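>>> here is a sequence together with a model predicted from it:
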Amino acid sequence: GIFHTLLLFIVFITFHSCQEKNKKKQVTPQATLQEKPNIVIIYLDDLGYGDLSSYGAKGLETPNIDRLVNGGVKFTNGYATSATCSPSRYALLTGMYPWRNKDAKILPGTAPLLISTEQQTLPKLLKNEGYQTAVIGKWHLGLGQGIVDWNKKIAPGPNEVGFDYSYIMAATQDRVPTVYIDNGFVDGLNPNDPIEINYETNFEGQPTGKDNPELLSMKWHHGHNSSIINGIPRIGYMKGGESAKWSDVDMADHFLNKVQSYVKAHKDTPFFLYYAMQQPHVPRTPHPRFIGASKLGPRGDVIVEADWCVGEFIKTLEEENLLENTLIILSSDNGPVLNDGYYDDAVEKLGEHDPNGTLRGGKYSLFEAGTRVPFITYWKGKIAPTISDALVCQVDLMESIAHLVDNKTENLDSENLLSTFLGKSKTGREKLVIEATTRTAFRKGDWIMIPPYKGPEIEKQVNIELGNADDYMLFNLREDIGQKNNLAQKMPEKLKKMITEFEAIRGK
Ligand code: NG6
Ligand code: CA
């Protein structure tokens with residue numbers, strides 16, 4: 001009777017728990033290595049080539065990212081495709097040059113989805129290989145099909161282009177709507193306080209940065225004078241959604257919590273996690289515990305904050321026993337800018353620090369600092385530490401990761417550089433087209449050719465040389481990394497060859 005059943009039950013439980021223990025024992029690093037590796041892309045926003053201590057930064061320390069740099073492949077010729085955000089992210093996720101898509105520009109917060117739901121994407125590819133896929137952080141690739149109702153399901157978006165899970169800010173930290181979107185739904189929205197967004201005209205009675213300076217905790221320098229949220233004037237007008245508004249100073253912790261929970265919940269299946277951090281893009285809002293963490297004011301402080309987040313995230317991977325089975329790629333979407341529209345001491349407190357790491361230009365620029373960024377691959381026990389000057393680009397991650405999971409794509413622009421990313425080869429791509437606000441330039445070997453473009457030489461508001469000139473420019477980057485010596489006149493044959501090859505790819 002009852003006694004017998006109870007006995008059976010006890011025997012069953014004991015047997016089962018023994019089995020569980022055995023299972024755990026069997027998971028040696030050896031065994032996990034044979035499984036498909038997890039893939040994590042940590043993507044910073046506007047982090048410059050010289051902004052990490054391991055890449056020469058002064059006045060701030062980034063020990064956690066440095067640990068990846070010094071324990072993996074540190075690329076010195078690693079590129080974003082573009083000198084601005086949306087195009088670079090487009091290339092990262094599709095393996096396609098962004099200039100092939102005429103809409104791939106800096107997107108307003110109301111822009112429709114830039115990636116077609118028909119398109120091949122990195123998360124789709126991995127999903128087909130049995131991966132769980134997630135994006136957590138900054139999206140900025142558009143949402144919906146034109147007019148978005150922020151109070152209903154927002155689609156298409158990341159979930160329609162290959163991500164099983166998405167927890168995002170729609171555009172940038174300086175653009176409305178200033179809310180998080182959880183798998184297509186605004187997180188924490190009160191239906192009685194609906195969100196309205198407009199990028200042209202204000203809603204009646206709503207204060208703005210332009211008209212209500214007395215309400216501001218951060219002053220705007222250029223642009224950024226529409227709706228005020230948390231004392232910070234933004235780009236675009238927003239009404240309602242009070243309970244859903246994010247807290248700027250808590251954003252880093254918030255995304256960190258999300259990536260940590262994601263890893264813990266998905267440790268038993270291979271996962272692809274795109275962790276898109278907001279730092280050090282404007283507005284720079286370090287959590288109070290990071291104020292003064294660098295000598296550089298808020299811009300340096302948020303880089304230190306981002307570094308801390310990376311450290312905490314790596315700790316989670318370690319605690320979950322996943323570090324040996326996870327390929328980590330860390331990079332930035334475009335180069336650095338100091339004053340990107342707010343007064344935040346980035347210029348005043350710069351001191352000895354050179355965010356460009358001696359490169360010319362910056363964000364928005366066709367010169368090197370626009371697109372050449374920190375680029376690191378790390379895989380504990382799999383990648384031997386090395387420095388690589390191979391020419392690699394974020395657009396290549398698609399094809400290279402495809403090969404990592406024994407697949408390939410029909411992609412034109414993305415090259416398989418897997419062995420280079422794994423530190424086994426020092427050969428990169430031969431040629432690369434870089435882009436900055438729809439202008440393009442051509443790199444081949446050590447050479448870069450910048451065609452003539454109309455427009456100001458310097459964008460005065462951000463104080464960055466854009467790379468516009470009346471004539472062709474030609475630089476040898478091995479001898480002249482600072483692009484001071486234009487060889488176009490001296491080397492007409494070389495220039496001609498570069499133009500011909502460039503036009504063959506780019507079209508005339
Ligand atoms: C610009 C903004 C700049 C930044 C950038 C996008 C103004 C004057 N400037 O239009 O502050 O938001 O867009 O940056 O509004 S990115 O890194 O997302 O491309
Ligand atoms: Ca950016």
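Okay, I see it. Because the structure is predicted, anything quoted here is derived from the model rather than measured. Ligands and ions are numbered 1, 2, ... in the order given.

>>> stretch 208-215 near ligand 1 anywhere?
No. Contact of stretch 208-215 with ligand 1 (CB under 6 Å from any ligand atom) is absent, the minimum separation being 11.4 Å. In short, each C-beta sits where N, CA and C put it, glycine included.

>>> kindly report the same for stretch 365-374.
No. Using CB under 6 Å from any ligand atom, stretch 365-374 stays clear of ligand 1, coming no nearer than 11.0 Å.

>>> ends of that stretch, what's the gap?
16 Å (CA to CA, to the nearest Å).

>>> quick one: the helices in the stretch 201-350 of the chain?
251-265, 298-319 (DSSP state H, counting those that start in this stretch).

>>> out of these, which one sits most buried?
Comparing the helices of the stretch 201-350 of the chain by mean neighbour count (mean count of other CB atoms under 10 Å), helix 298-319 comes out on top with a mean of 23.

>>> near ligand 1, which residues of the stretch 1-150 of the chain show up?
Asp45, Asp46, Thr84, Cys85, Ile106, His140.

>>> least confident pick among the residues you listed?
When these are compared on pLDDT, Ile106 comes out lowest, with 93.

>>> which residue comes closest to it once chain neighbours are left out?
Thr84 (5.1 Å; CB to CB, 6 or more residues apart in numbering).

>>> for the one you found, what are phi and psi?
Backbone torsions of Thr84, given as degrees, to the nearest 10, read phi -140, psi 170.

>>> contacting residues for it?
Lys105, Ile106, Asp333, Asn334, Lys363, Tyr364, Ala436, Thr437 (CB atoms under 8 Å, 6 or more residues apart in numbering).

>>> name the member of the residues you listed with the shortest distance to Gly381.
Nearest to Gly381 out of those is Asp333 (CB to CB; 28.9 Å).

>>> re earlier: as CSV, the residues of the stretch 1-150 of the chain next to ligand 1 with distance to Leu397 and secondary structure would be great.
Formatted as CSV, those follow (distance: CB to CB, whole Å; DSSP: H, G, I helix; E, B strand; the rest coil):
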residue, distance to Leu397, secondary structure
Asp45, 17, coil
Asp46, 19, coil
Thr84, 19, coil
Cys85, 17, helix
Ile106, 22, coil
His140, 18, coil
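
>>> so which of those reach ligand 2?
When contact is defined as CB under 5 Å from the ion, those meet ligand 2 at Asp45, Asp46, Cys85.

>>> can you get me a residue count around the residue in the chain that ligand 1 sits nearest to?
For the chain, the residue closest to ligand 1 is Gly223, as judged by CB to the nearest ligand atom, at 2.5 Å. Residue crowding around Gly223 was assessed by other CB atoms under 10 Å; the count is 16.

>>> could you pull up the residues touching the closest residue to it other than its chain neighbours?
Once flanking residues are discounted, Gly223 sits nearest to Gly341: 4.7 Å by CB to CB, 6+ apart. Contacts of Gly341 were listed using CB under 8 Å, 6+ apart, and they are Asp174, Trp220, His221, His222, Gly223, His224, Val282, Gln461.

>>> which residues of the stretch 201-350 of the chain lie near ligand 2?
Going by CB under 5 Å from the ion, the residues of the stretch 201-350 of the chain near ligand 2 are Asp333, Asn334.

>>> skip the chain neighbours and tell me the closest residue to Lys382.
Leu422 (6.9 Å).

>>> phi first, then psi, for the one you found.
Dihedral angles (degrees, to the nearest 10) for Leu422: phi -90, psi 10.

>>> same check, this time on the one 10 residues further on
With angles defined as degrees, to the nearest 10, Leu432 sits at phi -150, psi 140.

>>> distance of the residue nearest to it when sequence neighbours are not counted from Gly236?
Nearest residue to Leu432 in three dimensions, chain neighbours excluded: Arg443, at 4.4 Å (CB to CB, 6+ apart). Per CB to CB, to the nearest Å, Arg443 is found 35 Å from Gly236.
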